[in-house]
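In: how does the following fold in three dimensions:
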Amino acid sequence: MNFVILFGPQAVGKMTVGQSLASQTGYKLFHNHMSIDFVAPIFDYGTASGQRLVGVIRQEIFEEVSKSELEGFIFTYVWAFDLQSDWDYVEQISALFESRGASVYYVELEAELEERLRRNVTENRLLHKPTKRDVSRSERNLIATHENHRLNSYPGEVSKDNYLRINNTNLEPDEVARRIRERFRLQMQR
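Out: Down below sits the predicted model:
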């Protein structure tokens with residue numbers, strides 16, 4: 001199995017690139033808001049209960065997928081590089097998949113803040129992420145997170161063998177997915 005972790009700041013295009021990569025490869029996509037938006041009608045993700053439930057859902061899915069016969073799995077994540085807990089989390093999920101024979105690929109996306117603010121209100125994002133439909137709240141959160149956390153790595157900071165960084169400010173999702181596929185030699189869907 002190939003496990004692709006797509007990470008970067010909010011509205012950088014992780015889900016949309018993940019959708020393109022899934023379409024090109026046949027891999028299953030589990031974007032981070034699938035768990036957040038499942039829990040949100042009951043507990044806000046900002047609460048301890050919301051975060052705990054999202055963590056449980058993700059862990060259970062990772063457990064089942066890592067034992068499955070799926071060819072590939074894509075997960076999107078906002079990795080705050082200034083938080084040790086985020087480093088630990090990425091290491092934990094990577095180790096789970098690797099312990100079951102998977103190859104793990106790390107893809108970091110970056111884009112200018114202005115472009116991310118524009119993408120924050122795109123139709124595809126709002127369609128697939130109900131908690132982002134309160135656009136003013138979503139924008140405030142995006143800016144606050146941008147100001148309070150480091151959401152892209154420093155050069156050389158991610159020292160994984162299977163690592164790729166792409167500035168997708170001016171790239172279409174299909175092109176980004178193609179670059180990922182080619183760099184890691186991921187097979188096209190038949």
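In: and the helix or strand bottoming out on mean pLDDT in the chain, what other elements does it pack with?
Out: Sorted by mean pLDDT, DSSP states H and E, the helices and strands of the chain end with helix 123-128, the least confident at a mean of 77. Judged by 3 or more CB pairs under 8 Å, 6 or more residues apart in numbering; DSSP states H and E, the packing partners of helix 123-128 are helix 14-25. (C-beta placed from N, C-alpha, C; glycine too.)
In: helix or strand next in line after the helix it packs on, which one?
Out: Heading C-terminal from helix 14-25, the first helix or strand you meet, by DSSP states H and E, is strand 28-30.
In: how about the biggest helix by length in the chain: buried residues?
Out: Ranked by number of residues, the top helix in the chain under DSSP state H is helix 48-66. Judged by neighbour count using 16 or more other CB atoms under 10 Å, the buried positions of helix 48-66 are 50, 53-54, 57-58, 61-62, 65-66.
In: then stretch 70-83?
Out: For stretch 70-83, by 16+ other CB under 10 Å, it's 70, 72-81.
In: would Tyr105 count as being in a helix?
Out: No. Counting by DSSP: H, G, I helix; E, B strand; the rest coil, Tyr105 falls outside a helix, being strand.
In: relative to Glu139, how far out is it?
Out: Using CB to CB, to the nearest Å, Tyr105 is found at 31 Å from Glu139.
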